[in-house]
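In: My questions concern the predicted model and sequence given below.
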Protein chains: 2
Amino acid sequence: MSKITIKEIADLAGVSVATVSRVLNGNGRYSDETKQRVLGIADKFNYRTNAVAKSLRTNQSKTIGVIVPDITNEFFANIVLAIEHVLVPHGYSIFICNTSEDHEKEKRFVRDLESKGVDGLIYVSGNMNIPDESTVKKLPIVCINRRDPQNQEFVVVESDNYNGGFVATEELIAQGCKHIVIIKDERDIVPMNERYRGYREALKTHGLLSDLNLVIEIPVDVHQAEKAVHQLIGHGVKFDGIFACTDWLAIGALKALRQNHIQVPHEVQVIGFDNISVGEHSYPTLTTVHQDKIKLGEMASEILLDRIEHRNTLTHKKIVVPVSLIRRNSTFQQ
Amino acid sequence: MSKITIKEIADLAGVSVATVSRVLNGNGRYSDETKQRVLGIADKFNYRTNAVAKSLRTNQSKTIGVIVPDITNEFFANIVLAIEHVLVPHGYSIFICNTSEDHEKEKRFVRDLESKGVDGLIYVSGNMNIPDESTVKKLPIVCINRRDPQNQEFVVVESDNYNGGFVATEELIAQGCKHIVIIKDERDIVPMNERYRGYREALKTHGLLSDLNLVIEIPVDVHQAEKAVHQLIGHGVKFDGIFACTDWLAIGALKALRQNHIQVPHEVQVIGFDNISVGEHSYPTLTTVHQDKIKLGEMASEILLDRIEHRNTLTHKKIVVPVSLIRRNSTFQQ
């Protein structure tokens, strides 16, 4: 197999060595035509940068770790995809670590990622504090929908969870609901607490009483939600609206209502949160609060890049991404 | 920050240096109690292996690349999770690369992964030939539900796609269907072709004619399926069963049927393929062919490990994972 050098690629492409280097590292400042020519030649002669050796030289591995609780949830997968869309063109590869909300597993992952020399970390959701290890804290870290109450120094990109809870609840009230159940994550985590705060504030604004019998706190799982709504009905609790803090919780609620022959939206209206595709195809289709997964992933990635490359032009510590209400058939539409 | 050596950890834990090394590298042959003690001390004194330097020394990076077409499809995410479950305890981290079925993107990913020194690759699904680059071919590679017709040397782990197509179609016939539509991927790829072959064989076995008007070939996308079924109905094509080659295609079909007020299963019965959760929560719930995502991911990972570590105890070139029929409400049940 022929071995070609950067110098030879530059000669063949008729550009400088510096340009070839920029193209191969995805560092920008070259035309698309130059890029195609250089990559074509590199491909043809099977040129390979040795990233491992280079990583020792430059102290950059061009790798990023992304810590997610559950990659099989489309919500998280969409965020990961947006992160990839921003970082891959800059020459980064992404390690994806699925914690299943296991604290020990998360710590182990972070240790592995560190030892592999990642240039930065993105934490998506999850309920734990960021591992309290000094070396980790030297890495650029951005959190999406996750806040570490003990540590305010990380940049946080989050949906406007408070407002999401408010508009969902206000929509149910506007459509005539008086007894609105909230189904929320039992964990004490900021995004869920904020959605709950929005719910309470909307009730208050519209002169409805908060009733603790209508506050369901469970693990975020479709089957748990189904069970919880069965229990509510079994206990004879009166309700005409449900605000579920994730779409999967709403899907579980819809299933329990259907099994109990309760008509949606005529007897009970339901709103979810996230806007993942299962709610487009449920029956009835699900009204929900849209989280802008692409924006969340993109913003976090841009900030991380900025930190890694020591530009630090983005100085905000917290970025709030707006949410919006998607009206479908699980609520009335006037 | 204190710097601790492996020797000091061994002294504190009262075990040998070799044992500490095995624990830190996740190589097995130690008790759970030893593991906890060693990791506890390593944690406390903030011990870090430098994986980058080590990778140059050992020529192993303890990283694996996984190439998937669409991580937001729960089917692929579940396979990735199973791969992680096997490989992470062995000290590997996983690069996940989402190709969106873009051939150029895939080639770029593979080049990046190689330059980062991955120890092996797992290809999941996808329609392309494995990049024809000699260096890639020196890496251990395992394919899941993907076959490269030009290259038979890779190990393939796949679902019994032929049998899946056969049992799905036979079930529709057993439940009384005479005019069975198949909705399949328009691409000429082995798993889809095998499902189609199973469909044709089942029709033949039961004395039904294959009717090319009932063969719908489209991109694998829920909206395309919805549109295609609208068109079938619009053109007045007579049918009483649909075998959709993925669950998402089936979900699109269910939506079109509902919009046309065609009762499922009374007028048309529907079967999908994959068994992802959207079919548990659709209305009606979806009868489907279960693919064993965990087994597919685990088998591929075990084989890859075996190759990387040069044991080569697993010599099969092709491993077929059985499928099974999950009966729900989109078909009759006798």
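Out: Cool, got the structure.

In: From now on I want contacts and neighbour counts done on CA atoms only, so please keep to that.
Out: Noted.

In: Three-state assignment for A:Val142, please.
Out: With DSSP: H, G, I helix; E, B strand; the rest coil as the basis, the three-state label of A:Val142 is strand.

In: From B:Ile96, how far off is it?
Out: Look at A:Val142 and B:Ile96: by Cα to Cα, to the nearest Å, they are 20 Å apart.

In: Show me where the stretch 101-250 of chain A has its helices.
Out: Applying DSSP state H, counting those that start in this stretch to the stretch 101-250 of chain A gives helices spanning A:103-115, A:134-138, A:161-174, A:190-205, A:222-234, A:247-259.

In: Out of those helices, point me to the one whose mean pLDDT is lowest.
Out: When those are compared by mean pLDDT, helix A:134-138 comes last with a mean of 56.

In: Let me know which of the helices of the stretch 101-250 of chain A is the nearest to chain B.
Out: The closest of the helices of the stretch 101-250 of chain A to chain B is helix A:103-115. By Cα to the nearest Cα, the value is 5.0 Å.

In: can you pull the buried residues of that closest one?
Out: Across helix A:103-115, burial judged by 16 or more other Cα atoms under 10 Å in any protein chain shown covers A:103, A:106-115.

In: now stretch A:7-25
Out: Buried residues in stretch A:7-25, defined by neighbour count with 16+ other Cα under 10 Å: A:9-10, A:13, A:17, A:19-21, A:23-25.

In: Out of these, list just those in helices.
Out: A:9-10, A:13, A:17, A:19-21, A:23-24 (DSSP state H).

In: if we can go back for a sec, for the helices of the stretch 101-250 of chain A, give me a markdown table that also has distance to chain B.
Out: Converted to a markdown table, the helices of the stretch 101-250 of chain A look like this (distance: least, Cα to the nearest Cα, whole Å):
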| stretch | distance to chain B |
| --- | --- |
| helix A:103-115 | 5 |
| helix A:134-138 | 8 |
| helix A:161-174 | 22 |
| helix A:190-205 | 22 |
| helix A:222-234 | 10 |
| helix A:247-259 | 7 |
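
In: Just put those in a markdown table and tack on distance to B:Asp32.
Out: A markdown table is the format used below for these (distance: least, Cα to Cα, whole Å):
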| stretch | distance to B:Asp32 |
| --- | --- |
| helix A:103-115 | 14 |
| helix A:134-138 | 26 |
| helix A:161-174 | 42 |
| helix A:190-205 | 35 |
| helix A:222-234 | 33 |
| helix A:247-259 | 36 |
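
In: Which among those helices is found nearest to B:Val86?
Out: B:Val86 sits nearest to helix A:103-115 of all those, at 13.7 Å, using Cα to Cα.

In: what inclination does that closest one have with respect to helix B:17-24?
Out: With axes from the mean of the first three to the mean of the last three Cα atoms, to 10 degrees as the basis, helix A:103-115 and helix B:17-24 are set at 110 degrees to each other.

In: And A:Val289, which helix or strand is it part of?
Out: strand A:287-290 (DSSP states H and E).

In: Go ahead and name everything in contact with that strand.
Out: A:164, A:168, A:247, A:270-275, A:279, A:323-331 (Cα atoms under 8 Å, 6 or more residues apart in numbering or on different chains).

In: what's the pLDDT at A:Asn78?
Out: 95.

In: after the host helix or strand of it comes which helix or strand?
Out: Assigning secondary structure by DSSP H and E places A:Asn78 in helix A:74-87. Next along the chain after helix A:74-87, taking DSSP H and E as the criterion, comes strand A:93-98.

In: Keeping just the C-alphas, turn that next one into CSV.
Out: These are the backbone C-alpha positions of strand A:93-98, laid out as CSV (Å, rounded to 0.1, in the frame of the first residue of the first chain):
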residue,chain,number,x,y,z
SER,A,93,-16.1,12.0,17.3
ILE,A,94,-18.7,11.4,20.0
PHE,A,95,-18.6,8.8,22.7
ILE,A,96,-22.1,8.1,23.8
CYS,A,97,-22.6,6.8,27.4
ASN,A,98,-25.9,5.5,28.5
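
In: quick one: low-confidence ranges for chain A?
Out: Along chain A, the parts satisfying pLDDT under 70 run over A:1-3, A:26, A:46-59, A:127-137, A:149-152, A:314, A:334.

In: May I see the ones in helices among the buried residues of stretch A:7-25 arranged in JSON lines, with distance to A:Lys138 as well?
Out: Output for these, formatted as JSON lines (distance: Cα to Cα, whole Å):
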{"residue": "A:Ile9", "distance to A:Lys138": "37"}
{"residue": "A:Ala10", "distance to A:Lys138": "37"}
{"residue": "A:Ala13", "distance to A:Lys138": "40"}
{"residue": "A:Val17", "distance to A:Lys138": "33"}
{"residue": "A:Thr19", "distance to A:Lys138": "32"}
{"residue": "A:Val20", "distance to A:Lys138": "32"}
{"residue": "A:Ser21", "distance to A:Lys138": "28"}
{"residue": "A:Val23", "distance to A:Lys138": "29"}
{"residue": "A:Leu24", "distance to A:Lys138": "28"}
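
In: Check the residues you listed against chain B and report the nearest one.
Out: Closest approach to chain B among these (Cα to the nearest Cα): A:Leu24, at 9.9 Å.

In: mind checking the SS state of A:Ile319?
Out: A:Ile319 - assigned by three-state DSSP - is strand.

In: What is the burial count for A:Pro175?
Out: For residue A:175 the amino acid is Gln, not Pro. 16 (other Cα atoms under 10 Å in any protein chain shown).

In: ok so, going back, okay, angle between the helix or strand that the strand holding A:Val289 is followed by and helix A:74-87 too, please.
Out: Sequence-wise, the next helix or strand downstream of strand A:287-290 (DSSP H and E) is helix A:293-308. Per the same axes, to 10 degrees, the angle that helix A:293-308 makes with helix A:74-87 is 40 degrees.

In: Give me the contacts around helix A:293-308.
Out: With contacts defined as Cα under 8 Å, 6+ apart, helix A:293-308 is touched by A:75, A:78-83, A:85-87, A:119-122, A:140-144, A:156-159, A:312-314, A:321.

In: which residues make contact with the helix holding A:Asn78 from outside it?
Out: For helix A:74-87, the surrounding residues in contact (Cα under 8 Å, 6+ apart) are A:66, A:68-71, A:93-94, A:124, A:274, A:276-277, A:293-298, A:300-302, A:305, B:71-74, B:98.

In: higher neighbour count, A:Val142 and B:Ile96?
Out: When A:Val142 and B:Ile96 are compared for neighbours, A:Val142 comes out ahead with 26 against 23, by other Cα under 10 Å.

In: Can you tell me how far that one is from chain B?
Out: The gap separating A:Val142 from chain B is 19 Å, by Cα to the nearest Cα, to the nearest Å.

In: One more: A:Lys318?
Out: Distance from A:Lys318 to chain B, by Cα to the nearest Cα: 27 Å.
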